[in-house]
Each structure stands twice: as C-alpha cells, then as structure tokens.
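>>> Would you be able to build a 3D model of this:
(2 chains, ligands or ions: 2)
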Amino acid sequence: MGKDKLFGLIDLDWRFELTKFKLIRVLFKSRWFPLLLILFNLFIFVVILLSAFLGGYSAGNYNFGIMLVWILWWVLLMLVLVPVFSRTWCMMCPFPIFGDWFQRRRLFGVTQGKLAGLNLKWPKFLKNMWIMNIGFLITTFFSGFFTVRPLATFILLGGIILLAFVLGLIFEKRSFCLYVCPVSGFQGLYSQFAASEIRRKDPEICRKHTLKTCYLGNEKGYGCPWLLLPFSFEKNTYCGMCLECFKTCPHDNMGFFLRPPGVDILQDTKREPRRIDEAYKAFIMLGIALMFYSVFQGPWGVLKDMVRATTMKGYLTYISAHALFSLVILPGIFLLFSWLSRIFSGNKDVPLKKIFVSFSYTLIPLGLGVWIGFSFGIILPNGSYILHIISDPFAWGWNVLGTANFPWTPVFTGLLGYLQGATLIVFYLFSLALGFRISKQIYPEKSQAQRGWIPILVFLTLITLIFLWLFIG
Amino acid sequence: MKKIFIISLIVIAVLSFSLLVYKGVKQARGIPTVVKEKKMPIVEVPFVNNHIDLSSGIGRQFWDMRPATKIELIYQLMVIPWPKASVPYVKVKSFHNKEDIYFYLEWPDDTQDSGADIKNFSDAGAVMFPLGKKVVTQSLMMGFLGKANIWHWKANQDREYWLGKSTEAKVYVDFYYPFEEQELFAVSKEKFDSAVNDLVAIRVGTITRKPIQNIKGRGTYNKGIWRVVFKRTLKAEDAEVDAEFAFGKKLCAFAIWNGSKGDRGGRKSISNWVDLRIR
Ligand code: SF4
Ligand code: SF4
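Ligands and ions are numbered 1, 2, ... in the order given. As a prediction, the model looks like this:
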C-alpha cells in the first residue's frame, strides 16, 4: 500500500526530530529549562497583575495587563504557539508554579519520594474536559469586561493562579492543568492540529525498559506531572510539554518532532479514543469564535451593548443566546448532519454517536483557522498599543523604551478581511482532507465513506461560507 | 496535622485574594479621597445708621471698624481667554441704612493700573447678583447660566469720573478725528456719570450696559491695596434688571481684574457663590 499523503504532498508519517540537534537536546534535558522561561513569564505576569489591579475600571487600550494578555498573548497563542508548537504555552506557563513549588518543596532540582500536599486522586467522573468546557464558556460571558476593564483581567488571572495553587495543594500533580484550567482545553484540542509533537522515539526501547522512569520519575526529574504515559501516548491533547520525560528517560528515547499538521485528529485508539467532551470543546470554540467575531469585530453596535451589559436584559439575552448556540444549536445542527451522513452512507449499523463524535474532529482545523483569522483582527488594528504600554506599564508617565508616545497605528487593516478569508480557506482544506479520512475510519466501505462524507462536507462548507461572509462581507 | 496545615493555607490564600479583589473593586476608579465641601462664605449686611458721601471719599475710617469676610478667588477657567495670574482674595464688607446698600471690596494689587493705553488694562472689581427667582447655583461666571445684574467698577473710569483725568491723551486717535478742532462725528467714547457700570447679562458674552445707571462707586489705592465702595438704593428700580435686596438670604459673587497682569474681559479672578445675609 502506498503512503498516505495529505493533499497528495505530505506523507502523514513524516517526522523530523528537532532534538537530534545537540543544543536542543541538552536544553531539553537541563533542569533550568523550562524553569527559566517560567520564571521570566512569572515576572511578566506579576507586572500584568499589578497593572491590571492598578488600572481598575480605566480604559483597556492603554493598560499593560489587558494589552499583553488579550492582544499579545492571545494572538501569539492562536497564531504561532498552538498551531505550530502545540502546548508550548503550558511549557512556560507560570500559573501552576506555586502549586508545583509546594508539592515539590523546592523550585529547582528534584524531590525524591512522595510529593507534598494531600495528593488526592482527581474524581473519576470528572476526568474529562467538561469542567474546562463549561468553565471556558462561562469565562466568555464576561469577555466584554476582561478586554476593557483591567480589574476584570486581574480577577480572572488572579483567580486562575489561586485555583491552580489550591488544587495543587489538594490533588495530585497537575490535576488542575489536566481538568480545570480554562486555557488548557482549547490548547489541548487545537494542539491535535499542531505541526509538532513530543513522542517516544523507538517503542522497542520503551518496551524493554521495564522501570518506566518517565512515568515514575528518578533523580533527574519527576514522573510525568500530567499523568501521561510518555512511552505510549499518541496525541498532543494532554501533554503539557513540561519536558520532564526528556530528563528522566535514561535512553534519550523521547523526541520533539516536526510533523504534518493535524495527524492527531486521525488518532482513535482504545487508550486515546475520540470523546464527546472533546467534541463539545470543538463546538464551543467554534460557537465562541462566531459570537466573538460578531461582537468584537462585527459592525453591530447593539451586540456590543449587550456584551458590555449596558442593560441587564440585553446582557442576559447575550449569555443565554451564546450558551444555547454553543451547547445546543450548533451541536444539534451537527447531529442532524451526522444523521444525514448515516442515511447517505446506507450503513445503519454505525452508531450515530460515533459518527457525531468522530466527525466533530473535522471542526478542529476549521475552528483553529477561524481563531487565527480572529487573531489577525486583533493584532493588526491594535498591535501598536503594545509599544505604548511596554514603555509605560503602570500608566505613571514612564517612557522606559522611548515608545510611550507611539500613536495608535493600525497596519494592513485594508487587507485584513482577505487575510482572514485566505487563512480560513487554507484551514477549511485541511478540515476536508482530514475529514474524508475520518469518514473512511467510520464507515467500513469506501463507497459508504464517500456518500457519508457528503453532508459533513456541506456542513463544513456552510460554516466556512458564513465566516467568509463575516470576514469579507 | 498535614490536613489542617493545608486547609489553613487554602483559607489564607483565598482570603488574601478576596481581600485584594475587594480592595481593587473599591478603588477601581482611583484611590478615594475625602473632599471637604467648602462652606459658602457669608457676608453680613446689617442695618447701620450711617451715610457715606462718596464725593468726599469712601469713608475709610468707618469701614476700618466694620468686620470683613475674606473670600478666596480662583482663575476664571470656564471660557477662553483664561487669565495669566490670579488675585488671591477679596475682603468684603457691607451694610445698609434702609435707604441705600453699600459694598466695600478690598484686595491686594502691587500696581495701580488706572490709566488706559494700547497695552495697559485697568484694574477693576465687580459684584454680581443673580436676577429672578430660579438661580442656577452651579454657575460661577457672570451671567453664565442665568440672568444677572453686575456692578462693575473700573479704576480708569474712577479716575476719569472722580478726578477728571481723562485717559484719552494716550489713545487720542480713537477719540478725535485728527483734522478737526473739535469732535464732529460720534465716536465710541462714552461719557460716564459714575465710576461703576451698571450691567446685565443673560449668559457668557452678553454683558450689556443698562440704559439707566443706578450704581455709584469709588475706589482708592494705597500701599498695594485697592479699596472700592459700591452704593445703590436698597429698593430696586426695575426688578427685571436691578438686583433686589429683600431681608434674608441672597446670593452674590465677586470678580477682580488685575490690569498689569493682562486681565480684561473674561480674564479675571472670580469667587464662588457668596451668601449675603441682609438684616
Ligand atoms: S494547563 Fe493552564 S495552568 Fe497548566 S500549564 Fe497550561 S495554561 Fe498553564
Ligand atoms: S509526556 Fe508528560 S513529562 Fe513528557 S513532556 Fe508531556 S507532560 Fe511532560
């Protein structure tokens, strides 16, 4: 059988190991890395929190906290970090550092034996994305405040850090990151599309290495804090890229690879099956994107008023419509198309749930494309504010870098819609390419897969057309 | 033990954060400062059986015995042009003798500017009384939001009226057509029958001299102090345009111009509202 190539060009099995370069390998194995990155980010977040606290209800466009979090960080996350480097944000994230510190009783080096804290196991029925799904959706109810009121950003970020610490005291390892962090869910979901991965290199070496130090830990590092089995996992979703397994593996059998985008979407194994909670994450992210774009970058002032809670009635209408759309309407429509898929395929033996869940993964590339488009809409008009705020982070009249008086300068906004449209089309094509492969996984026969694919193709096209209309008008 | 320690740690962390959020919400619009509302200054206008003949002076000896109310002045900043310097205060005294009402104003000024020249402006002082029943008390400007009667004493006018020293010598081109022995054409120079202009205004920029001038006044300058006395009949001639002084409370405000600092027109120092207590 010939190799499976994406668009007939990229071999899906193609990998390029970056850790074969000594410099990167040494870096990944050092205990200073990513600790130094985390400490640097911690410093930045202290400034963010301070400026957001001091900023109070003042306007967000000249606030360091708001600009750095919602313009720079968010855009970096969606534009570069997640699509290219998977969960690299989690690698350098400072939120859980206090929990880690307490559990390990030290910041640098490795604590042998039991970690401090209550070390409870996370309840089994919550070992999924539901808390993150609902948590993130609820967070977006307040998006009209987070992005314009510094204090709201302070409460959100401070709350996340507090919760990470508290849950770190109660539950084992990174339970917070795995099951609660609102930033975690969408990163996990979209990192399935990422063009890089951390995986074991040679399964044979892992098989022979009976003492699984990557899971248990040794004097060089901790057992996987994300409770993964580094020697066997196949999806980026829950690997926080903490690099402990690089340090603990005595055979240097962990690698960081470049790969064709989206290959995890095709993974559906017994250990890492496609799941309805992840499917819902895809719907929620798409629903939020549609809502956000309409509100923040669309021309409808009435929506902006609703999100800003100008009237209580308007605000309640917004959050109800928003929740209903993401949790019921969008998945409901998709269920209808999944049902049509089954009818079209002529195979009534395949469970509808399997069709619904599996095909929902086609929304990952499309959703990511939409978010990248949205991010262009944030950075191009507003990016110039960053020059101002980094020079005067607390609005105390500083001019540290000499850019405090840089005026608001939108760039390439005339081309914005086309850039967004082009991005969307590229990611739509990825959705199609991967979606048809999913169809072949669902239906046993190729003809069934072809027929069953048609309704989903129509759905994806409709969604793309709606966003193209929003972007380009 | 471990459990108790961890629970206490959680409680401390949550409480500290809640406290921070509480503080943040309370101070979200800036650190609260207590602003003491300034009490409105009061000028007593008692009955005193006295009569001042301004033609023989301002009655300094009498005034020196009367109590004064010191009223702080601020820049007039509501409309352009703004002043370049301010007069810090004006001291006010007043009384009535059932026939006439008198106001005495005293303020510091390093220079006596009672002439007029191309670039020189006259010192001046004024009292404003809002007219009508509905007074818009937010207003600081003369006639800013409602009708007002203004008594405007000017140093150069005072000099001309009381001392007969005309200011025309320095600015004669404005007064006489150069080829005539005598003035033939009507010119802008008015003949004053008082050192005080009796004015009305209904909003900014509407100051107008009343056709009938009712106010007398006189000023003296001595060692860096201007002392000016205003006098009018207690009874208003025309309640439409003349301030009424019924017994009880009445609002008024003051304005001072320092000519050598470029004050003229809207460039002036003004007081807030002042309460008159007429007894
Ligand atoms: S899951 Fe959340 S808290 Fe954990 S590392 Fe990632 S972003 Fe940070
Ligand atoms: S597999 Fe575990 S230990 Fe390895 S990088 Fe991912 S999260 Fe860290």
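
>>> Count the residues that sit near the closest residue to A:Ser345 other than its chain neighbours.
Distance criterion Cβ to Cβ, 6 or more residues apart in numbering or on different chains; nearest residue to A:Ser345, sequence neighbours excluded, is A:Gly452 at 3.2 Å. Every C-beta, even on glycine, is put in place using the N, C-alpha and C of the backbone. A:Gly452 is flanked by 27 other residues according to other Cβ atoms under 10 Å in any protein chain shown.

>>> Just the buried residues of the helix or strand containing A:Gly452, please?
Under the criterion of DSSP states H and E, A:Gly452 resides in helix A:446-472. Within helix A:446-472, the residues that count as buried by 16 or more other Cβ atoms under 10 Å in any protein chain shown are A:448-449, A:451-453, A:455-457, A:459-460, A:463-464, A:467-468, A:470-471.

>>> Could you do stretch A:234-241 as well?
A:235-241.

>>> Mind listing residues that contact it?
By Cβ atoms under 8 Å, 6 or more residues apart in numbering or on different chains, the residues outside stretch A:234-241 that reach it are A:86-88, A:90-91, A:174, A:177-178, A:188-189, A:191-192, A:194, A:197-199, A:225-226, A:228, A:230, A:233, A:264, A:267, A:269, A:271-272, A:278.

>>> Okay, strands next: where are they in chain B?
With DSSP state E as the criterion, chain B has strands at B:42-45, B:69-72, B:74-75, B:89-96, B:100-108, B:124-130, B:148-154, B:196-201, B:208-209, B:216-222, B:225-233, B:248-257, B:269-270, B:274-278.

>>> The first one packs against which elements?
The contact analysis (3 or more Cβ pairs under 8 Å, 6 or more residues apart in numbering or on different chains; DSSP states H and E) places strand B:42-45 against strand B:69-72, strand B:89-96, strand B:274-278.

>>> So what touches the longest one?
Under the contact criterion Cβ under 8 Å, 6+ apart, strand B:89-96 has outside partners B:43-48, B:50, B:63, B:66-73, B:101-108, B:125, B:234, B:245, B:254, B:256, B:271, B:274, B:276, B:278.

>>> Now do the strand or helix carrying A:Leu336: which elements does it pack against?
Per DSSP H and E: A:Leu336 is located in helix A:330-345. Applying 3+ Cβ pairs under 8 Å, 6+ apart, we find helix A:330-345 packed against helix A:276-292, helix A:352-360, helix A:446-472.

>>> Any chance of those in a markdown table with distance to B:Val135 and mean pLDDT as columns?
Compiled in a markdown table, the helices and strands packed on helix A:330-345 are given as follows (distance: least, Cβ to Cβ, whole Å; pLDDT from 0 to 100):
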| stretch | distance to B:Val135 | mean pLDDT |
| --- | --- | --- |
| helix A:276-292 | 52 | 96 |
| helix A:352-360 | 71 | 97 |
| helix A:446-472 | 56 | 96 |
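
>>> picking that back up, unless I'm mixing things up, the residue nearest to A:Ser345 is touching A:Trp339, no?
No: taking contacts as Cβ atoms under 8 Å, A:Gly452 lies outside contact range of A:Trp339: 10.9 Å.

>>> Leaving out sequence neighbours, find the closest residue to A:Gln450.
A:Ser439 is the one closest to A:Gln450 (Cβ to Cβ, 6+ apart), at 7.6 Å.

>>> need the residues of the stretch 101-250 of chain A near chain B, please.
A:117-118, A:149, A:151, A:154-155, A:158-159, A:162, A:165-166, A:169-170 (Cβ under 8 Å from any Cβ of the partner chain).

>>> Tell me which of the residues you listed fall in helices.
Among those, the members found in helices (DSSP state H) are A:151, A:154-155, A:158-159, A:162, A:165-166, A:169-170.

>>> shaky segments in the stretch 1-150 of chain B?
Filtered on pLDDT under 70, the stretch 1-150 of chain B yields the residue ranges B:1, B:116-118, B:136-145.

>>> for A:Phe145, what are its contacts?
Applying Cβ under 8 Å, 6+ apart, we find A:Phe145 in contact with A:152, A:308-309.

>>> related to what we said a few turns ago, so which of the helices and strands packed on helix A:330-345 is nearest A:Trp122?
A:Trp122 sits nearest to helix A:276-292 of all those, at 14.2 Å, using Cβ to Cβ.

>>> what's in contact with the closest one?
Residues outside helix A:276-292 that contact it (Cβ under 8 Å, 6+ apart) are A:128-130, A:132-133, A:136-137, A:140, A:143, A:185-186, A:188-190, A:237, A:322, A:325-327, A:330-331, A:334, A:353, A:356-357, A:360-361, A:363-364, A:366-367, A:370-371, A:374, A:463, A:466-467, A:470.
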